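1. Next comes the sequence, and after it the predicted model I'd like to discuss.
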Amino acid sequence: MTKNGFAPIFYNVTADPNKYSKNPSTPVLKDSDDGEDFSSQAVKSIGEVFKILVKALKNLKIYLPNNPVHQRFLKEFYAQLDTHLKNFGETVLTVGQYTLSYDDQVIYENMNRLDSLAFKLFVDGVRQMTLLEGMTDEESRELLEVLGKTYDAEYPDDDLVTLLWQRHFHHIKFQILEDYFSDSNESSLIPDLQAKAGFTNLIQSELKDSQELKDQTDASASHRPSISVETKGLQFSQVFRLTDDEIEKIKQEMKEEGDKDLILEMIGIIYSVLQVEKDSQFFSEMIGALTKNITQFSDQGDFVQVEKITRLFVLLKEQIPPLPENQLAILNEFIDSLAKPECLMNLEQHINSLDDKNIAALANFLGMLTLSAVPSIINILGKAKTRKTRKVLSDILVEFGKKDIGPIIKRLQGGEWFVIRNLVQIIGRIGNKQAIDSLRKLVQYPDERVRKEVVATLLMIGNEKENAREMMLQFLHDHDLAIRKQVIHVVQLNKNVKAVPVLIKMIGEEDFSSRDPEEKHLIFSALGKLGNDDLIPLLGSYLKPTFLYFVKRKKKEEKAICAVHALKHLETAKAVNLLTEAKKHPYRPVSDFAARALFEIQRANEKRELKRKNESE
């Protein structure tokens, strides 16, 4: 379909000439009812001829005339046309402004002036085209070249009528309005010169200075060859003229044509061809050529075009009705080849120089590949230097990992620390419990940034997984203080009571007194939140007053304050009794902390009681 919404429409005339079917997006002819007469068969046949003709004209915009693909369409067009003429003989087509008709039945219609074959013929004065039996392959080729020629505004005389005259067709006749303008008296009845202009001159007559256009037309008329045509029965009312609204519409259409994405147009044409292609060898050659284009665009860092072609592959793969099995196997083979390392390795050189548009296109392209692309995408992730690019690649790996996390887990065995950290983060986002055991080997990873990410990942995917909760406890012995603090918070949050014996053991270690004061308080707070009255004897031993020299007294005082922290969070009756005794502690900091802890426990109890009362009311 063209940009303005119009597309060639081919009609299939059934037994009832007033009923026909049309599909603007896919011009196809439906089989008519059994027992159709000779006329209906002829209409259907010439409709098929022009359906192939339009495909061949579109194909000519993509390939040079000597290209094998174009030659193939040319042969198909000639074969269909030759069969039609042999079966039905001389065929006379009437040319309307937007339609071609045979036997009073419309066989072609396209309302887009800049793309319509009928409009191109009509504005150059062609009103009738007759195809005679005996047309040669050479004549069919020349007809395609003339109809498919793009006109150049710098050569106004090089219009359709002139080109048709130059070819000296023996089996094609055209009825043209040219002779109406040979008499000056008659021509004076036509106020505008555009009626005599060709397709390009028509547009120029509305957009350029009228005097300049008149000079061009007069100059061209002096040396333009005369063409012998039939004019009987034609009226001046048939001369095409433009209104102001139509002029504005043409200007807009010209602008839209200039803004068109030619590569996307080409891909659309190829897609239409491959959808119905029956020749597996030709299908394979076309897909192979497109794959080479993907490689070339990838080498240039143009992933916008890479995405467009790859999406064509996906659309073909998912189309309904599906492709034949042999063609689907060919397509899958080429899609698989795009995921191979040798095809993706060149991405690394562009990954840090892409603009936003190409980054988005790259993400879409990679997302359409198979799982075999994962190792290469991980390699590319290792080369990405910007946060935005890393996020895009990570998002793609998350989607692949949801299908199969195996390739990602396998890469945890080696590589740069930042790649491992990103993969751990990706595993956490995937949330696959199968990955927990694979993270175990990273507990002692040399770089603490990786270990921190492992802790965060275990928190994301392991709250309800026993093996993740146990693995988390191993980080209580980590060399990094920040990691130990983080894990203490995590075990409290998850109410992991299995942390209690580990924490008690940490308190008894010789180096405990040299630990960070905040860490000590966190350990005792965790004991209070996770423990029970079994801790009372241990905590009570820390609160017994002793009269020691200053250094040992400070250590004893610090341990007593830590015990108060644990009792405050324990909140049992025995804990309250022990805190009450601690208010009489000879060390003033300990007694003050004990008094404050009791006040906070009482306040917390009052709040809970008030909440219960409100809920009951």
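-> Received the coordinates, thanks.

2. low-confidence ranges in the stretch 101-250 of the chain?
-> 150-158, 178-242 (pLDDT under 70).

3. Touching stretch 581-599 from outside, list them.
-> Stretch 581-599 has contacts (Cβ atoms under 8 Å, 6 or more residues apart in numbering) with 543, 545, 547, 553, 556-557, 560-561, 564-565, 567-568, 576, 579-580. Quick note: C-beta positions are derived from backbone N, CA and C, even for glycine.

4. ok, of those residues, which come out buried?
-> With burial judged by 16 or more other Cβ atoms under 10 Å, the buried subset of the contacts of stretch 581-599 is 543, 556-557, 560-561, 564-565, 567-568, 576, 579.

5. Please identify which two of those residues are farthest apart in space.
-> Lys556 and Val576 (22.7 Å; Cβ to Cβ).

6. host element of the most centrally placed residue in the chain?
-> Closest to where the C-alpha atoms of the chain average out (Cα atoms, centre = their mean) is Asn364, at 3.9 Å. Using DSSP states H and E, Asn364 maps to helix 356-367.

7. mean confidence score for the next helix-or-strand element following that helix?
-> Next along the chain after helix 356-367, taking DSSP H and E as the criterion, comes helix 374-383. When pLDDT is averaged over helix 374-383, the result is 92.

8. Just the CA trace of stretch 69-79, in PDB.
-> Provided in PDB are the C-alpha atoms of stretch 69-79 (Å, rounded to 0.1, in the frame of the first residue of the first chain):
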ATOM      1  CA  VAL A  69      15.600 -11.400 -10.700                       C
ATOM      2  CA  HIS A  70      14.200  -8.800 -13.100                       C
ATOM      3  CA  GLN A  71      14.800 -11.100 -16.000                       C
ATOM      4  CA  ARG A  72      12.700 -13.700 -14.200                       C
ATOM      5  CA  PHE A  73       9.700 -11.300 -13.800                       C
ATOM      6  CA  LEU A  74      10.100 -10.300 -17.400                       C
ATOM      7  CA  LYS A  75       9.800 -13.800 -18.700                       C
ATOM      8  CA  GLU A  76       6.800 -14.500 -16.400                       C
ATOM      9  CA  PHE A  77       5.100 -11.400 -17.800                       C
ATOM     10  CA  TYR A  78       5.800 -12.300 -21.400                       C
ATOM     11  CA  ALA A  79       4.600 -15.900 -20.800                       C
END
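
9. for that stretch, which positions count as buried?
-> Within stretch 69-79, the residues that count as buried by 16+ other Cβ under 10 Å are 69-70, 72-74, 77-78.

10. Same question for stretch 161-179.
-> Applying 16+ other Cβ under 10 Å to stretch 161-179 flags 161-165, 169, 171-179 as buried.

11. for that stretch, the distance to its chain's centre please.
-> Chain-centre distance of stretch 161-179: 48 Å, with Cα atoms, centre = their mean, to the nearest Å.

12. ok, now stretch 132-152?
-> 40 Å.

13. between the buried residues of stretch 161-179, which is closest to Leu53?
-> Nearest to Leu53 among the buried residues of stretch 161-179 is Ile172, at 12.7 Å by Cβ to Cβ.

14. Touching, the closest one and Leu132? I think so.
-> Yes. Between Ile172 and Leu132 there is a contact under Cβ atoms under 8 Å: 7.0 Å.

15. That concludes my questions; thank you for your assistance.
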